[in-house]
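Peer 1: generate a structure from the sequence data that follows.
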Amino acid sequence: MTEWLIQHFVADAHNTDGPAVRTRYGQVAGMVGIVCNVALCLAKGIIGLISGSVSIVADAVNNLSDAASNIVSLLGFKLASRPADPEHPYGHGRYEYLSGLVVAVLVVAIGLELVKSSVEKIINPEPAEFSLALVVVLVLSIVVKLWMAAFMRTMGQRIASETLAATSVDSRNDCISTGAVLACAALSQVTGVDLDGWAGLAVGAFILWSGVGLVRDTINPLLGQAPSPELVEHIRSKIMSYPGVLGTHDLMVHDYGPGRQFASAHVEMAAEADPMESHDLIDNIEQDFKTQDHLTVTLHYDPIVTDDPAIGDMRHWIDQAVKIIDPRITIHDLRCVPGPTHTNVIFDCVRPADLPLSEDALRRRVSDIVRDHYPRTVPKITIDESYVSSKQ
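Peer 2: Below you'll find the model as predicted:
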């Protein structure tokens, strides 16, 4: 069914990096979610009202909130597809993140309301009817939600969408909550103990817990979370794969929505090489990222002296020595300015964001290490903050 829907409603489905194709995936997923959730809400709502079961009505309201979430997601994909304009030169991709946040807040609100109504039912219990129709509707709901979870997961994986991935998890959670409602209804029928209010409370608490997690997940990209270690490693390894590149550092990645990422980095190349050739190579690297990875990358050229073995040995020794403080610390852009009484050793030192040492403390520690090994030097150190995380 999933492949049939993609083939019939998503034109050029394999071009998932294209903004238009991404939008169509989101629209199809949103419409399927709306239709399924509205149908389940009506079926459960009717059965719940007839039987007087607050837990089933709660489950129906949950499906209604899911439909509302699908509408918000649908709108988010539509707004995110709008092209860049003078006021928003990086596009409107973060609308998808905003829609995810709205969905998460709606889930939290529904969870709070269900907890409240269930507590009232526990305090003032009323008998609920148990029928074959109730069982059929709940079992059908579980089957539909299982399919929706798989469908949303597939669609989300195709376009790397956190919104659809969250929707898939929400559908899976609905299977669990509906199964709990069905189990409690059956136990109440067999034992005569009214568990309806408690089942509703469990469903409400579960929805609330899921909503809080969704809020946390959707806020992170809006705040500017670090890029994934996999993306960082891909960018670094690709830059280093070009002949003539000696090193890369100061990588920064800015996320303006799915498929709208921008990166910048410094590239070290031999200072003795033809600067025109080095500049041409950097241009080629930037263009390759744009055409092959759909990633806009801006690279800064750092000339490195390679024909002085003493400087090369010093650079290598300091880079290894500072790892005594923390294995993630690196140095770059080292150069020497000799004088009659001492030599200024100038370089940048990259400080991991979670390093316990402050900038000044790290600068002092690194200076001591350098002076102990090279007594006639005066280290001039610039501390750079690391804005990415990498695999260790």
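Peer 1: please make it C-alpha for all contacts and neighbour counts, starting now.
Peer 2: OK.
Peer 1: for this protein, which segments count as strands?
Peer 2: Per DSSP state E, the chain carries strands over the ranges 245-255, 261-270, 296-304, 330-338, 343-351, 377-385.
Peer 1: what lies in contact with the third one?
Peer 2: I take that to be strand 296-304. Applying C-alpha atoms under 8 Å, 6 or more residues apart in numbering, the set of residues contacting strand 296-304 from outside is 261-271, 278-279, 282, 286, 289-290, 333-334.
Peer 1: quick one: buried residues of it?
Peer 2: Neighbour counts over strand 296-304 (16 or more other C-alpha atoms under 10 Å) mark 296-299, 301-304 as buried.
Peer 1: now do the helices in this protein.
Peer 2: For the chain, the helices defined by DSSP state H cover 2-9, 19-51, 54-80, 95-123, 132-159, 162-191, 196-223, 229-240, 275-293, 309-321, 359-373.
Peer 1: would you mark the buried spots in the longest one?
Peer 2: Right, helix 19-51. Those would be 19-34, 36-45, 47-48, 51, for helix 19-51 by 16+ other C-alpha under 10 Å.
Peer 1: do the same with the first one
Peer 2: Within helix 2-9, the residues that qualify as buried are residue 6, counting by 16+ other C-alpha under 10 Å.
Peer 1: name the helices or strands packed onto it?
Peer 2: Counting contacts by 3 or more C-alpha pairs under 8 Å, 6 or more residues apart in numbering; DSSP states H and E, helix 2-9 packs against helix 19-51.
Peer 1: what's the neighbour count on residue 341?
Peer 2: A count of nearby residues for residue 341, using other C-alpha atoms under 10 Å, gives 7.
Peer 1: please verify my assumption that it contacts residue 378.
Peer 2: No. Counting by C-alpha atoms under 8 Å, residue 341 stays clear of residue 378, with 10.3 Å between them.
Peer 1: my read: residue 121 touches residue 197, true?
Peer 2: Yes. Applying C-alpha under 8 Å, one finds residue 121 in contact with residue 197, separated by 5.1 Å.
Peer 1: the two: which has the busier surroundings?
Peer 2: Higher neighbour count among residue 121 and residue 197: residue 197, with 26 against 20, using other C-alpha under 10 Å.
Peer 1: gap between residue 373 and residue 8?
Peer 2: The gap separating residue 373 from residue 8 is 69 Å, by C-alpha to C-alpha, to the nearest Å.
Peer 1: save the helices of the chain as JSON lines, and put in distance to residue 383 and mean pLDDT too.
Peer 2: Converted to JSON lines, these look like this (distance: least, C-alpha to C-alpha, whole Å; pLDDT from 0 to 100):
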{"stretch": "helix 2-9", "distance to residue 383": "50", "mean pLDDT": "83"}
{"stretch": "helix 19-51", "distance to residue 383": "39", "mean pLDDT": "85"}
{"stretch": "helix 54-80", "distance to residue 383": "37", "mean pLDDT": "78"}
{"stretch": "helix 95-123", "distance to residue 383": "33", "mean pLDDT": "80"}
{"stretch": "helix 132-159", "distance to residue 383": "38", "mean pLDDT": "86"}
{"stretch": "helix 162-191", "distance to residue 383": "34", "mean pLDDT": "77"}
{"stretch": "helix 196-223", "distance to residue 383": "24", "mean pLDDT": "80"}
{"stretch": "helix 229-240", "distance to residue 383": "21", "mean pLDDT": "92"}
{"stretch": "helix 275-293", "distance to residue 383": "25", "mean pLDDT": "93"}
{"stretch": "helix 309-321", "distance to residue 383": "14", "mean pLDDT": "94"}
{"stretch": "helix 359-373", "distance to residue 383": "6", "mean pLDDT": "95"}
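Peer 1: so for residue 257, which of those sits nearest?
Peer 2: helix 95-123 (7.0 Å; C-alpha to C-alpha).
Peer 1: just checking, what packs against that closest one?
Peer 2: So helix 95-123, by 3+ C-alpha pairs under 8 Å, 6+ apart, packs with helix 54-80, helix 162-191, helix 196-223.
Peer 1: need the contact list for residue 21.
Peer 2: Counting by C-alpha under 8 Å, 6+ apart, residue 21 makes contact with 10-13, 15.
Peer 1: just to revisit the earlier point, adding distance to residue 173 and mean pLDDT, write the strands of the chain out as a markdown table.
Peer 2: Listed next are the strands of the chain as a markdown table, based on distance: least, C-alpha to C-alpha, whole Å; pLDDT from 0 to 100:
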| stretch | distance to residue 173 | mean pLDDT |
| --- | --- | --- |
| strand 245-255 | 29 | 90 |
| strand 261-270 | 31 | 92 |
| strand 296-304 | 38 | 92 |
| strand 330-338 | 44 | 91 |
| strand 343-351 | 41 | 94 |
| strand 377-385 | 40 | 93 |
